[in-house]
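Engineer: Sequence plus predicted model, see below.
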Amino acid sequence: MDFNVTFLPLHDFKIMPPAPAILDFLKEHGEEHLLAHWGKLSEKERFSLESQLMTIDWHGVVACKNLVENQDGDRHTMKTPHFSSASTPTCHKLGGEDTASVEALHRGRKSLGAGQVGAILMAGGQGTRLGFNGPKGTFPITTVSKASLFDVLLGRLRAVKKRFGREVPLAIMTSSATDNLTREFLTAANFCGLDSGQVFFFCQGNLPAVDATSHKLFLDDCNHVAVAPDGHGGMLQALAESGGLEWFQRHGCSTLVSFQVDNPLAKPLDPEFIGQHMLSEASLSTQVVPKIDPEERVGVVAEINGVTQIIEYSDLPQNIAAERLQDGRLRFFAGSIAIHAFDRQFLQDVASSSEALPLHLAHKKVPFFDETSQFIQPTRPNAFKFERFIFDLMPLADKVTVVEIDSKEGFAPLKNPSGTPKDSPESVHESLNAYAIRHLKRVGIDVAPGINVELDAASIFDDDDLRIIAQSDVFPNNYIDGPVVIRLT
């Protein structure tokens, strides 16, 4: 769209004019149209718009516009010639019985028992795609109790404390859309049983959307510039600026794990994973699952000229994505599931450097207010949104360790609404139920066909806890014939 708006000079404002500083930098950036509705706004609305304009990172806006203008020349995509030297790096499989796995398990348990590990939960997303009104973390997901994603994921931290005797300090990243509601939910839920003093909230940043035609910013209300969260890669800057890295340092955490709120099977605090990270002296470690279908919309971990990085699924040509090794595996099989471990000092060093993570753009539909105060719902993409990806830290790391897990054991993402074949509430329920039945059977407890069982995340850490239940005759003949939540008291 084009902006053809006539602006009143400063002396023609019949009401309090915008601050001179705002007028100056809007003129400098060619964004005077953002004041097109100024004369119609209430005093409260004018204050809100001024406040937002003052908090926008205008250097970031310039970077966003430059990326749009240079998109044909540089879209942060990988060019085909590089694939000849690319390969999947060595992956350490979780759950092995070899010496390295046993040593990693021991090291991870020792670190958890010493309180050296902190956690970062990415919880900025809303439940919009699920047809749910609220932060995604508040979505009820378990099969029997209908506990929320927050209940499950924070419950796992309680299970760690129960097993190892030490709290895991937790930083929760929210967004401007979810911050207040997340804090309210967790406060009302008594932080899902965690010590509130061990929980640190921080809010990720926003970046304005840019019109695909005019390369100008939008208003999505008469007194509000259209913005969107800056992606999970915004975590580092937001954590650093909020004092979160120093908070973890005060709590004695030398290793930080990060994970997403939409995966109730996530195991960021798996002792062997943490142990592999620490024994390898990696700056960054990441969990992957075997990619089976080349059409799966998941990025893959690859090594190119000695540098480990993520290739986004959209950047991997179809013919290369389908290539297979002699053992039948895909050439690029290491699917990223957004669970990472970081050396805290590495994050502090990157945060204090001048090297920012690169911006990525996406062509999206962005509703907006036009110059006649009409709210327009576009029918096709009309703008670019921008985000940073946390995996772009990989090329900056001295060493990256890749750990492979079984997808059935640690990956059940909730992305789509009910009724969708994949990554829906129904598919997550199936994964959670299958996980519970499988682990119960390992310790000698059988479940009747068609029955839902739920493992209480806050009290069941691993199969050792289930063995205690199996030996306690809680279930006659170790047989479950009705829906139940299994807890170890």
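Structural biologist: Cool, the structure landed. Numbers count the residues shown, from 1 in each chain.

Engineer: going forward, measure contacts and count neighbours with C-alpha atoms only.
Structural biologist: Noted.

Engineer: what's the pLDDT at the nearest residue to residue 270 once chain neighbours are set aside?
Structural biologist: Nearest-residue entry for residue 270: residue 108, 7.8 Å, with adjacent residues in sequence omitted and distances by Cα to Cα, 6 or more residues apart in numbering. The per-residue pLDDT reported for residue 108 equals 98.

Engineer: Next SSE downstream of the longest strand along the chain?
Structural biologist: Longest among the strand segments of the chain by residue count, using DSSP state E, is strand 334-343. Next in sequence after strand 334-343, counting helices and strands by DSSP states H and E, comes helix 344-352.

Engineer: could you say what helices and strands that next one packs with?
Structural biologist: Judged by 3 or more Cα pairs under 8 Å, 6 or more residues apart in numbering; DSSP states H and E, helix 344-352 is in contact with helix 235-241, helix 244-250.

Engineer: Tell me which of these sits most buried.
Structural biologist: Mean neighbour count (mean count of other Cα atoms under 10 Å) peaks for helix 235-241 among the helices and strands packed on helix 344-352, with a mean of 20.

Engineer: Quick one: mean pLDDT for that one?
Structural biologist: Helix 235-241 shows a mean pLDDT of 95.

Engineer: From the chain's centroid, how far away is that helix?
Structural biologist: Chain-centre distance of helix 235-241: 14 Å, with Cα atoms, centre = their mean, to the nearest Å.

Engineer: what's the answer for stretch 87-100, then?
Structural biologist: The chain centre lies 25 Å from the centre of stretch 87-100; the measure is Cα atoms, centre = their mean.

Engineer: So what's the predicted local confidence for residue 84?
Structural biologist: With respect to pLDDT, residue 84 has a value of 83.

Engineer: and it, which of the three is it?
Structural biologist: Following DSSP: H, G, I helix; E, B strand; the rest coil, the label given to residue 84 is helix.

Engineer: Pull the number of nearby residues for it.
Structural biologist: 9 (other Cα atoms under 10 Å).

Engineer: tell me the contacts of it?
Structural biologist: Residues counted as contacts of residue 84 (Cα atoms under 8 Å, 6 or more residues apart in numbering): none.

Engineer: For residue 311, list each beta-bridge partner.
Structural biologist: residue 300 (DSSP bridges).

Engineer: out of the helices and strands packed on helix 344-352, which comes closest to residue 431?
Structural biologist: Across these, residue 431 has its closest neighbour in helix 235-241 (28.6 Å, Cα to Cα).

Engineer: The closest one - contacts with which helices or strands?
Structural biologist: strand 199-203, helix 344-352.

Engineer: Return the most buried member of these.
Structural biologist: Using mean count of other Cα under 10 Å, strand 199-203 ranks as the most buried of the helices and strands packed on helix 235-241, with a mean of 19.

Engineer: which neighbours does it have in its sheet, and in what orientation?
Structural biologist: Strand 199-203 has its sheet partners listed here by DSSP bridges as strand 170-174 (parallel).

Engineer: Can you tell me what sits against the strand it pairs with?
Structural biologist: 118-125, 182, 198-204, 235, 244.

Engineer: and the helix or strand following that strand, which residues are buried?
Structural biologist: Heading C-terminal from strand 170-174, the first helix or strand you meet, by DSSP H and E, is helix 179-188. Neighbour-count burial for helix 179-188, counted by 16 or more other Cα atoms under 10 Å, picks out 179, 182, 185-186.

Engineer: Please apply the same query to stretch 199-216.
Structural biologist: Within stretch 199-216, the residues scored as buried using 16+ other Cα under 10 Å are 200-212, 215-216.

Engineer: Give me the mean pLDDT for it.
Structural biologist: Rounded mean pLDDT across stretch 199-216 is 95.

Engineer: end-to-end on that stretch?
Structural biologist: Stretch 199-216 has an end-to-end distance of 39 Å (Cα to Cα, to the nearest Å).

Engineer: circling back to that earlier point, of all the helices and strands packed on helix 235-241, which lies closest to residue 272?
Structural biologist: helix 344-352 (18.6 Å).

Engineer: That closest one - what's its average pLDDT?
Structural biologist: 96.

Engineer: chain center to it: distance?
Structural biologist: Distance of helix 344-352 from its chain centroid, counting by Cα atoms, centre = their mean, is 19 Å.

Engineer: moving C-terminal of it, what's the next helix or strand?
Structural biologist: Toward the C-terminus, helix 344-352 is succeeded by strand 360-364 as the next helix or strand (DSSP H and E).

Engineer: Break down the protein into its helices, ranges please.
Structural biologist: Ranges of helices in the chain, per DSSP state H, are 20-28, 43-55, 58-69, 99-113, 149-164, 179-188, 235-241, 244-250, 271-279, 318-321, 344-352, 407-410, 425-442, 463-470.

Engineer: now the fifth one and strand 170-174, what's the angle there?
Structural biologist: Counting by axes from the mean of the first three to the mean of the last three Cα atoms, to 10 degrees, helix 149-164 points 170 degrees away from the direction of strand 170-174.

Engineer: in helix 149-164, what's buried?
Structural biologist: In helix 149-164, residues buried by neighbour count (16+ other Cα under 10 Å) are 149-161, 163-164.

Engineer: Closest one of the residues you listed to residue 103?
Structural biologist: residue 164 (17.4 Å).
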